[in-house]
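> Any chance you could fold what I've pasted below:
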Amino acid sequence: MKLLLNKYVCFTASLVSIFLFFISCSSKNADNTDHYNFFEPDYVVKLDAKLNEISDLQYFDSTTLMTICDEKGVIYFINSLNGKILDSYGFDSSGDYEGLTFKDSVAYALQSDGDIFELKGFHGDHIDKTRKIETKLDEDCEGFCFNYITKRYYIAAKGNVKGADKMIYSIDENFSTKPRKEFPLFYDDVKRLLLHNSFDRFAFKMRKMFSTRDEAGLLGPSALAIHPINGKYYLISGTSCLLLILNTQGKLEKVCLLPKDVLLQPEGLCFDPKGNLYISSERSNGKTATLLKFSYHD
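Okay, here's the model as predicted:
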């Protein structure tokens, strides 16, 4: 029995070593998107324990990001270089907050049930909750962003929906109409694009080997943002550590593996005006929450 156990351990270690070797080769020889190399972040910083449940990111200025955590009604301002908390403003004692956007000096916090809270007026250590928008989605909503071209908010939902595996909804900027189905997402499309690249195909199979999730768990939206330069939609699937890129019409055009060794559970995503990308990962498997930056290049 001991001999069999030792052989199993050695076999598993060999598979992991091969996997890490392929990752290393990829990081040195190729970018896995046209503009970013996700295996070579500019930096990885550990976040304060207060941000263990960090669920979204929002660009504020050249040195500051806004964040929100899914069990606290608090908006945090953090230094984008070192992740240190600069300020915090409470608006609710508790809740399941999964998305954050900031438009015209007003913050909007998305709950997992689809309800949106309008927040404005920073006073001392709190911010006023001035309005509640009930979207009636109730589909485990997570990704949330605003498109200045279409003048609409976009919400990515984890729940199953008729006619698609997942859905991105949109709602007008005044919240005067009900959310409409905008961009359907299908697991088969994700798999087809992911397996197109030989490295991603190998790494994807390795991840499935060591994962207890079924195929449906490989498409679980957790963050959504719009690229400031090309206008494309960037969607993170936190359950599988994948990045989905949709064109300006919402058609899926690329799927990329994210480095699971440093992004154990990616939950937040935002861009600065230059196209540099920030991703946050919440605390997982005993490891602290982190913030990563990836520089944009032509």
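
> Tell me where the stretch 51-200 of the chain has helices.
For the stretch 51-200 of the chain, the helices defined by DSSP state H, counting those that start in this stretch cover 187-194, 198-209.

> Tell me which residues of the first one come out buried.
In other words, helix 187-194. Buried residues in helix 187-194, defined by neighbour count with 16 or more other C-beta atoms under 10 Å: 189-191, 193-194. Bear in mind the C-beta positions are built from the backbone N, C-alpha and C, glycine included.

> Averaged pLDDT, stretch 36-48. What do you get?
For stretch 36-48, the mean pLDDT works out to 94.

> For that stretch, list the C-alpha coordinates in PDB.
Provided in PDB are the C-alpha atoms of stretch 36-48 (Å, rounded to 0.1, in the frame of the first residue of the first chain):
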ATOM      1  CA  TYR A  36      -1.200  41.400 -22.300                       C
ATOM      2  CA  ASN A  37       1.000  38.600 -21.000                       C
ATOM      3  CA  PHE A  38      -1.000  37.200 -18.100                       C
ATOM      4  CA  PHE A  39       1.900  35.000 -17.000                       C
ATOM      5  CA  GLU A  40       4.100  38.100 -16.400                       C
ATOM      6  CA  PRO A  41       2.300  40.700 -14.300                       C
ATOM      7  CA  ASP A  42       4.000  44.000 -13.500                       C
ATOM      8  CA  TYR A  43       3.500  43.300  -9.900                       C
ATOM      9  CA  VAL A  44       1.500  41.200  -7.400                       C
ATOM     10  CA  VAL A  45       0.700  42.800  -4.000                       C
ATOM     11  CA  LYS A  46      -0.900  41.400  -1.000                       C
ATOM     12  CA  LEU A  47      -4.000  43.200   0.200                       C
ATOM     13  CA  ASP A  48      -5.100  44.000   3.800                       C
END
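
> Which positions within that stretch qualify as buried?
So for stretch 36-48, counting by 16+ other C-beta under 10 Å, buried means 36-39, 41, 45, 47.

> circling back: per-stretch mean pLDDT over the helices of the stretch 51-200 of the chain, give me the minimum one.
Looking across the helices of the stretch 51-200 of the chain, the weakest by mean pLDDT turns out to be helix 198-209, at a mean of 52.

> The helix or strand following that one pairs with which strands?
Reading on from helix 198-209 to the C-terminus, the next helix or strand found by DSSP states H and E is strand 221-226. Sheet pairing of strand 221-226 (DSSP bridges) gives strand 233-237 (antiparallel).

> which parts of the strand it pairs with are buried?
233-237.

> Next secondary structure element downstream of that strand?
Next along from strand 233-237, by DSSP H and E: strand 242-246.

> Show residues contacting that following strand.
Applying C-beta atoms under 8 Å, 6 or more residues apart in numbering, the contact partners of strand 242-246 are 33, 38, 168, 183, 185, 190, 194, 218-219, 232-237, 252-258.

> Helix or strand next in line after that strand, which one?
strand 252-257.

> Show me how far that next one is from its chain's centre.
A distance of 14 Å separates the centroid of the chain from that of strand 252-257, by C-alpha atoms, centre = their mean, to the nearest Å.

> Then stretch 88-107?
That offset, for stretch 88-107, works out to 17 Å (C-alpha atoms, centre = their mean).

> If you count neighbours, what's buried in that stretch?
In stretch 88-107, counting by 16+ other C-beta under 10 Å, buried: 88-89, 91, 95-102, 107.

> residue closest to the middle of the chain?
Ala223 (3.2 Å; C-alpha atoms, centre = their mean).

> if I pick it, what's in contact with it?
56-57, 99, 142-143, 156, 235-236, 238, 266-269, 279.

> how about 10 Å then?
Ala223 is in contact with 55-57, 98-100, 142-145, 156, 234-238, 243, 266-270, 279-280, counting by C-beta atoms under 10 Å, 6 or more residues apart in numbering.

> quick one: secondary structure of Leu264?
State at Leu264, reduced to three classes by DSSP: H, G, I helix; E, B strand; the rest coil: coil.

> Give me the neighbour count for it.
By the criterion of other C-beta atoms under 10 Å, Leu264 has 19 neighbours.

> With Asp261 instead?
11.

> Now do the strands in the stretch 1-150 of the chain.
Counting by DSSP state E, counting those that start in this stretch, the stretch 1-150 of the chain has strands at residues 43-46, 54-61, 64-69, 73-79, 85-92, 97-103, 106-111, 116-123, 126-133, 141-147.
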